[in-house]
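J.: model this:
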Amino acid sequence: MVTVEDRLEPLGVAVGVVLVLGSLGTLLGSPWSTGSAVVTVLQLVGVVLGVGVGVGLAWLSYGAGAS
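T.: The predicted structure follows:
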């Protein structure tokens, strides 16, 4: 059986993974097909920020607890 010291650690990792997958799903949804360059740039910035926040949250939840 797996024991976890911090009960919120799995939740933080799961939310981080969902953020990364959702951001990559937005990227795979072809944001450049909307027609407007401004919207495309904002969506791509959102994808990068979403991946960054997701990875940061997963790392903070999982990596910080290991040390």
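J.: Identify the single longest helix in this structure, thanks.
T.: Ranked by number of residues, the top helix in the chain under DSSP state H is helix 37-58.
J.: Which per-residue confidence value corresponds to V17?
T.: pLDDT for V17: 94.
J.: For it, what is the enclosing helix or strand?
T.: Assigned by DSSP states H and E, V17 belongs to helix 9-28.
J.: Next, the angle from that helix to helix 37-58.
T.: Helix 9-28 and helix 37-58 are oriented at 160 degrees to each other (axes from the mean of the first three to the mean of the last three Cα atoms, to 10 degrees).
J.: for helix 9-28, packing partners?
T.: With contacts taken as 3 or more Cβ pairs under 8 Å, 6 or more residues apart in numbering; DSSP states H and E, helix 9-28 sits against helix 37-58. Where C-beta positions appear, they are placed from N, C-alpha and C, glycine not excepted.
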